[in-house]
Structure formats: C-alpha cells, structure tokens
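> The following comprises the amino acid sequence and a computationally predicted model.
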Amino acid sequence: MTATFAPRIFSGIQPSGGLTLGNYLGALKRFVEKQDEGIETIYCLVDMHAITVWQDPEKLRQQTREGAAAFIAAGIDPARSILFNQSQVSGHAELGWIFNCVARMGWMSRMTQWKDKAGKNAEAQSLGLFAYPSLMAADIMLYHATMVPVGEDQKQHLELTRDIAIKFNNDFGVDFFPVVEPLIEGVATRVMSLRDGTKKMSKSDPSDQSRINLTDDADTIAQKIRKAKTDPEPLPGHLEGLKDRPEARNLVNIYAALSGQPAAAVVAEFAGAQFGAFKPKLADLAVAKLSPITTEMNRLMKDPAEIDRILGQGADRAAAIAEPILERTFQITGMIRSRRRG
Ligand code: AMP
Ligand code: TRP
C-alpha cells in the first residue's frame, strides 16, 4: 500500500551571501508563484547549511535577515507561507542525524556539488559539508513535503532525498516518508555568470561583476549588463541560432524570465539586433523588475526586530507541523520518548 500525502511545498536558500538574480529567477520568483497558486508553502533560510563553510557570525545574522527581507519584498506573505530560519526548528538537526545513519558514504561522495566544493582538498572540508545533502533531505522530509521548487543545480540532491526516503521506508518496513518531486521549471533554472556563460551565477563567485545582486542599485545593474560578456554576432531570429553561444543565450533567457515570455518570443522580437541595442533594453527591464524589490528590502531592513519576529512566528508554525512527524520517526527507529514536554 502506498500512503498518499497532501501537496506541500518546501524550499530553502542559504544565507551565505546576498541573493542574486539567479536565486530570484530560479527560486524566489517561483516560490511566490507557488504560494499564489494556493498550495501550502514552507520556505526556509537554511543557516545550518550555510555554516558548512565558514561564515562570519555577525554577517550570517545580517544575511539571514536580508534573505527574509528579500522573500517578503519579492511577494512572500508570511501570513500565507511559513517563513523561518532553519536553526530555530531543532527537528532539522534531529532528523538530519537519523538520515546520516540511513544515507551511505558512497552516495554522498558522488554528489557533484561536494566534488566541486571540496576539489582536491576533501581532507580539509568540514564533516558538515559532506553530510550537507542528508540535512537537506531532512529539511524536506521533516514536513512530509511533496514538491520542491529549485534551480537545476539541486536536481541531484533531490534524487538523493528520494533515495534516503525510500531506504528509510524499506529499512524499517514502513510507508512513512513521501517520494518528493523536484519542480525545476521555466527558462531560468540555470542563470549563468555575466562574465562566463559556462559558469552558474553564484553569490560565492569572487567577481561581483559576474552577478546581479538583489541589493544592487539601478546604475550598478545597468553597468553590469552593459559590461556582460557577449560575442560579436547579432541576435538570431530562432533559438537554434543561440547554440554554442552561451553568453548570448543567457541574456536572452534572463530577458525571457524577467518579461514572462518564452525565449523564442524574445529572439523573434530582437532578431538581427546587436547587443549594443539589446543590452539597454535588458537593463531597463531588469531595473524595472528588481528595483521595487530592492527598495522594499531596504525598508524592511530598517526594522530587524520585526524580521526576527516574523521568523520566530514562522518557526513556531513550522515546528507544529514537524513535531508529530519527528515523534513518529523516533518511534519507528526505536527511540524511547517518555519525557513530558510543554
Ligand atoms: P543557494 O543560493 O545555493 O542556496 O540556492 C538557493 C536556490 O536558488 C536553489 O533553488 C538554487 O537552485 C537556486 N539558484 C541558485 N543559483 C542559481 C542560478 N544561477 N540559476 C538558477 N537558480 C539558481
Ligand atoms: N541546497 C540548497 C541550495 O544550495 C538549499 C537547500 C537546503 C534546500 N535545504 C533545502 C533547497 C531543501 C530545497 C529544499 O540551493
């Protein structure tokens, strides 16, 4: 018998730096769409994931608040969605430990993100960085979430989440954890660096010119797009003309995602145009879409106590959902739970 689970969305973003246009298009914007479709949505600033690599404590706190401000400014309504930071709900760490005992070393060693981040120097990485995907599986399973909107780079971690859930169910002969469905949709599932069309746009890239930050002002956004790497050819009239032109394709995809059109419509509109003409249009569009968010973020950041209050309230609501699931997990695994709580 296969249990059925109510549709519930969970997703997370690391507060390990300022958010980028990649986070906005690949994650945040879609989080808002899911909320507005009326599905139950739980969104988390995963501060415990962030500390798998060194974080300055004061900056981490600041970036967590800034992340929360970005969610709200982008349209997440803390009354409709649950918005909180991971470390306030201890169930993440507790279920994460149980999953560390279910997942296999071999599974973790095959994660491309681990291999990329650890490079040739695995010995010097934190144990937490290695176990990172197991904590991510716990984030999702703690709420019996069934759908996870993410960018393309998280696909492998979600496959691992499925493997952990299936192995737990098999090991204990239960049908308890759902097999989650990744939601990797749209034209902006992988926004690339403005300096190198073969690299993902990332908050950890050493070059600030490689990305657009949600905190950038209008002039900075326009200047970064003007300087973005391109090739000397004009824009083609069909999508096939973008083959082997990663930088050109990236700018077209960004335009498409920001304007809510398919990429084919964008190339049809700009067929034959030079980048000198396309880039100012893209800059205007990016500023028009992002500057209201930046302005609202700045306003929210003036009241950090209010942000902390929202995160606390979100954590209370998250914990209420997590508690019975965690209790049942402990029971299934053979832990005695006789302490009086409350
Ligand atoms: P992170 O910043 O690594 O915590 O990522 C948070 C979310 O943003 C995840 O769903 C990522 O897949 C998504 N994301 C991060 N960078 C990009 C990018 N360059 N393009 C599309 N999605 C991204
Ligand atoms: N690993 C994700 C990233 O770096 C962040 C994350 C942590 C996450 N836990 C999650 C995403 C649970 C979705 C669901 O992008």
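Looks like it came in fine. Ligands and ions are numbered 1, 2, ... in the order given.
> Taking the protein, what residue is nearest to ligand 2?
residue 12 (3.4 Å; Cβ to the nearest ligand atom). All C-beta atoms are positioned from the backbone trio N, CA, C, and that covers glycine.
> partner residues bridging that residue?
residue 44 (DSSP bridges).
> Outline the domain layout of this structure.
8-189+303-333, 208-299 (automatic domain parsing).
> Nearest to residue 200, out of the ones you listed?
When those are compared by Cβ to Cβ, domain 8-189+303-333 sits nearest residue 200, at 6.2 Å.
> Check the offset of that closest one from the chain's centre.
8 Å (Cα atoms, centre = their mean, to the nearest Å).
> average pLDDT across it?
Mean per-residue pLDDT for domain 8-189+303-333: 97.
> Repeat that for stretch 241-254.
Stretch 241-254 comes out at a mean pLDDT of 97.
> Just to check, residue 310 is in contact with residue 78?
Yes - between residue 310 and residue 78 there is a contact under Cβ atoms under 8 Å: 4.8 Å.
> Could you tell me which residues touch both of these two?
Common contacts of residue 310 and residue 78, defined by Cβ atoms under 8 Å, 6 or more residues apart in numbering, comprise residue 72.
> give the contact list for the residue of the chain closest to ligand 2.
43, 44, 45, 46, 49, 86, 136, 139.
> swap the cut-off to 7 Å and go again
44, 46, 139 (Cβ atoms under 7 Å, 6 or more residues apart in numbering).
> Run a quick neighbour tally on the first one.
Applying the criterion other Cβ atoms under 10 Å, we find 31 residues in the vicinity of residue 44.
> With the last one instead?
Under the neighbour criterion other Cβ under 10 Å, residue 139 is assigned a count of 25.
> for the one helix or strand it maps to, packing partners?
Element membership of residue 139 [criterion: DSSP states H and E] is helix 127-141. Counting contacts by 3 or more Cβ pairs under 7 Å, 6 or more residues apart in numbering; DSSP states H and E, helix 127-141 is packed against strand 8-13, helix 47-50, helix 91-100, helix 105-109, helix 112-118, helix 155-172.
> List the buried residues of the third one.
It refers to helix 91-100. In terms of neighbour count (16 or more other Cβ atoms under 10 Å), helix 91-100 has its buried residues at 91, 92, 94, 95, 96, 98, 99, 100.
> contacting residues around the residue of the stretch 101-250 of the chain found nearest ligand 1?
Across the stretch 101-250 of the chain, no residue is closer to ligand 1 than residue 151, which sits at 2.5 Å (Cβ to the nearest ligand atom). Under the criterion of Cβ under 7 Å, 6+ apart, the neighbours of residue 151 are 22, 26, 27, 189, 190.
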